[in-house]
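1. what would the 3D arrangement of this be:
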Amino acid sequence: MSDVATETPRSSQLLKIALRVRRANMALVLALALFVGLTIGAVMIIVTTPALVHSWSTFFSHPGATISQNFNTVWFAYEQIFQGSLFNFHAMRLLIDHPDKANLASALGPISLTLQDATPLIVAGLGLAIGFRSNLFDIGGQGQVIVGGLVAGLIGFSLNLTPILQVSLELVGAMIAGALLASLAGVLKAYTGAHEVIVTMMCNYIMLLLLGYLLITNLFARPGVRDGASKAVTPTGQLPYFFSHLSSGLLVNVGFLIALAMVFVVQWFFQRSKTGFELLMVGQNGEAARTAGINAKRTTIITLCLAGAFCGLAGMLELTGVDHFLSPNFGGSYGFDAITVALLGRNRPWGVFFGAIFFGAMYAGGEAMQAFTPTNIQYSLAQVIQAVVVFCVATPALIVEIFRLTDNGRFRSSGSSGSWTK
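-> Down below sits the predicted model:
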């Protein structure tokens, strides 16, 4: 009887632990989404690598060798993603054995690349998350990044002031430019009912074409040269680098601190400010917000202006911190990637921050994977992993079903995008 008495509480405790482990929460969903992404990425690596596909022809005669070859290739690819984006074990070993500037720069290289790529995504993602939480979909992040870069560049190569003053002017100018561009969609939405998705999307094309035109005008083009590159931002208008004394290739700069500060600003905005509360009210229940006396038109304009201001700031950080001159493809896909970053972070400031870090790591790690794997695994496979992870996070009910997690309705009942704003 005593054995039964001791076993029963122990079994009950193990059952409680098992139930707790299987209970769906966002951290578990994110971890399982990453697992699914890595699994599908592994399958894609195998089926797109000719040597690995050929190895399966000898599976029945040499099963161990086939499995070992495939596993080692996938493992090495993921190892390159990790070492290319966060922590290079070989570089750290060299630094420990020979502590000098060159080895220190090599050890800091991966995390520097990740933070460099993540910086504009953090800021742009925060801006779009503000709009999403108010049920306004600003798809014009790319155009707002471009206009922010244009204004910051105009100030950056036209003036030669003290560094603090010039960078401050670039920052303010870029944010105002982004806000003004987005305000067009806000005003049209508030007073005519024009859908913000259409208006902001069309602004992307307008700004892209305007950028191409301005780069061949005397205002932006270098004297006597019409090659599509603008004048360079003066040294006083460039953001200082953290590790420039170690290597010119370490481009992580003060822009990352600005982006980090914006996370705290947005967190405070939603938790402590009246305007932030009004934006959340409109996003969660527009009818109730109007009944409570909240001016929906004013809120719409403010929301899109804030989203545009942050995207404009992202353009300024990219230009003054990394590129230093404008080109026809300035901004890359940051404006569109910021949409998925906001989605991955569930429109929460710190979620956006870590979502941007994940994207930055996949950018940097994907390049390392393509460069250093013997089978030349393509960079696009890193983007496949990104896409799968974002898809799984965007559809948490799918993860709950696949892994048979217990759920109290928080994830299964999310039938609309509005659930991501709560």
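
2. every contact and neighbour count from this point should use C-alpha atoms.
-> Fine.

3. and residue 199, what pLDDT?
-> pLDDT for residue 199: 94.

4. whoops, residue 153 was the one
-> At residue 153, the pLDDT recorded in the model is 96.

5. likewise for residue 374?
-> So, for residue 374, pLDDT stands at 72.

6. distance of the most centrally placed residue in the chain from residue 259?
-> Nearest residue to the geometric centre of the chain (C-alpha atoms, centre = their mean): residue 356, 2.9 Å. Residue 356 sits 11 Å away from residue 259, going by C-alpha to C-alpha, to the nearest Å.

7. overlap in contacts of these two?
-> Here residue 356 and residue 259 have 119, 122 as joint contacts, going by C-alpha atoms under 8 Å, 6 or more residues apart in numbering.

8. what's the burial count for residue 221?
-> For residue 221, the neighbour count with other C-alpha atoms under 10 Å is 19.

9. any idea how far residue 333 is from the closest residue in space to it that isn't next to it in sequence?
-> Once flanking residues are discounted, residue 221 sits nearest to residue 230: 4.6 Å by C-alpha to C-alpha, 6 or more residues apart in numbering. Using C-alpha to C-alpha, one gets 20 Å for the distance from residue 230 to residue 333.

10. list the helices and strands the strand or helix carrying residue 298 packs on?
-> Secondary structure from DSSP states H and E places residue 298 in helix 296-318. Counting contacts by 3 or more C-alpha pairs under 8 Å, 6 or more residues apart in numbering; DSSP states H and E, helix 296-318 packs against helix 101-133, helix 141-158, helix 163-192, helix 274-284, helix 286-291.

11. make it 6 Å
-> helix 101-133, helix 141-158, helix 163-192 (3 or more C-alpha pairs under 6 Å, 6 or more residues apart in numbering; DSSP states H and E).

12. out of these, deepest packed?
-> Mean neighbours per residue, mean count of other C-alpha atoms under 10 Å, is largest over the helices and strands packed on helix 296-318 for helix 141-158, with a mean of 29.

13. using CSV, list the CA coordinates for that one.
-> The C-alpha trace of helix 141-158 is given here as CSV (Å, rounded to 0.1, in the frame of the first residue of the first chain):
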residue,chain,number,x,y,z
GLY,A,141,6.7,51.2,-46.0
GLN,A,142,9.0,51.0,-49.0
GLY,A,143,8.1,54.4,-50.3
GLN,A,144,8.4,55.9,-46.8
VAL,A,145,11.8,54.4,-46.4
ILE,A,146,12.8,55.9,-49.7
VAL,A,147,11.5,59.4,-49.0
GLY,A,148,13.2,59.3,-45.6
GLY,A,149,16.5,58.4,-47.3
LEU,A,150,16.0,61.2,-49.9
VAL,A,151,15.5,63.9,-47.3
ALA,A,152,18.3,62.6,-45.1
GLY,A,153,20.6,62.4,-48.0
LEU,A,154,19.8,65.9,-49.2
ILE,A,155,20.6,67.2,-45.7
GLY,A,156,23.6,64.9,-45.4
PHE,A,157,25.5,66.0,-48.5
SER,A,158,24.3,69.6,-48.6
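
14. got the angle for it vs helix 296-318?
-> 50 degrees (axes from the mean of the first three to the mean of the last three C-alpha atoms, to 10 degrees).

15. name the helices or strands packed onto helix 141-158?
-> helix 163-192, helix 196-214, helix 296-318.
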